[in-house]
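Visitor: Sequence plus predicted model, see below.
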Amino acid sequence: TKVPGTNYQLDPIRGAFNIDTIIRWLDFNDCFLAAEWGHPSDNLDAILAVADHLTRQEQPLTVRDILEGMIKAHEIQGGLALLNSFNRVGLDHIVLVNVSSTAVVSKLLGLSHSQTIDAVSQAWVDGQSLRTYQIATIVGYRHAPNTGPRKSWAAGDTCSRAVNLALLVKKGELGLLVKKGELGLPSVLTAKTWGF
């Protein structure tokens with residue numbers, strides 16, 4: 001994956017991280033306000049990293065493919081944000097980026113419907129970032145006094161994880177030691193006590 005504006009050629013996982021961090025560091029992204037807010041443009045970084053990777057593997061994508069992926073990512077992230085406030089339960093809104101990017105990247109990588117479900121289920125349990133802030137004794141990284149550089153690379157980390165999850169599910173991509181691909185977790189959202 002080529003990181004725009006640089007000479008760096010990285011694997012798609014690190015490429016997604018670096019592309020997103022460039023955008024986030026400068027805070028050149030959008031905002032979607034609903035029950036949960038978020039930045040759907042964060043999904044573009046995973047999409048661009050994978051699209052460039054596939055093109056370099058002689059599996060070229062069109063601009064239409066990239067735009068379609070971006071529209072789908074916006075729809076997935078927006079749909080989840082309209083109905084769910086993850087912030088209220090202490091989760092950061094980048095959970096939306098993880099789920100939507102994983103779904104769209106799975107499509108770009110050619111995963112089947114069941115493999116995409118497996119990848120998305122992995123995204124739901126992928127150690128979500130806490131939405132941390134200072135209210136009384138609750139402390140964290142998004143708001144003072146704890147805002148730091150992580151605020152600018154947290155979404156890049158999430159995009160790279162989304163790409164990694166899709167690749168783990170895809171059989172043996174990038175030489176990973178996964179013979180049949182990582183399996184999904186069918187009751188990740190419905191499990192008693194721990195589901196949503």
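Guide: Perfect, I can see it now. Numbers count the residues shown, from 1 in each chain.
Visitor: Tell me the spacing between L167 and W194.
Guide: Distance, L167 to W194, using C-beta to C-beta, to the nearest Å: 26 Å. Where C-beta positions appear, they are placed from N, C-alpha and C, glycine not excepted.
Visitor: out of those two, which sits in the busier spot?
Guide: The residue with more neighbours, out of L167 and W194, is L167; 26 against 10, by other C-beta atoms under 10 Å.
Visitor: where in the protein is pLDDT low?
Guide: 26-28, 130-149, 172-182, 195-196 (pLDDT under 70).
Visitor: for it, what spans make up the helices?
Guide: Secondary structure of the chain (DSSP state H): helices at 12-26, 43-56, 63-83, 94-108, 113-124, 150-169.
Visitor: could those go into CSV alongside distance to S187?
Guide: Output for these, formatted as CSV (distance: least, C-beta to C-beta, whole Å):
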stretch, distance to S187
helix 12-26, 28
helix 43-56, 26
helix 63-83, 18
helix 94-108, 16
helix 113-124, 9
helix 150-169, 17
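Visitor: Out of these, which one sits most buried?
Guide: Sort the helices of the chain by mean neighbour count, taking mean count of other C-beta atoms under 10 Å, and helix 94-108 sits at the top with a mean of 27.
Visitor: list the helices and strands it packs on?
Guide: Judged by 3 or more C-beta pairs under 8 Å, 6 or more residues apart in numbering; DSSP states H and E, the packing partners of helix 94-108 are helix 43-56, helix 63-83, helix 113-124, helix 150-169.
Visitor: Rebuild those helices as CSV, extending it with distance to I13.
Guide: Shown next, in CSV, are these (distance: least, C-beta to C-beta, whole Å):
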stretch, distance to I13
helix 43-56, 8
helix 63-83, 17
helix 113-124, 14
helix 150-169, 5
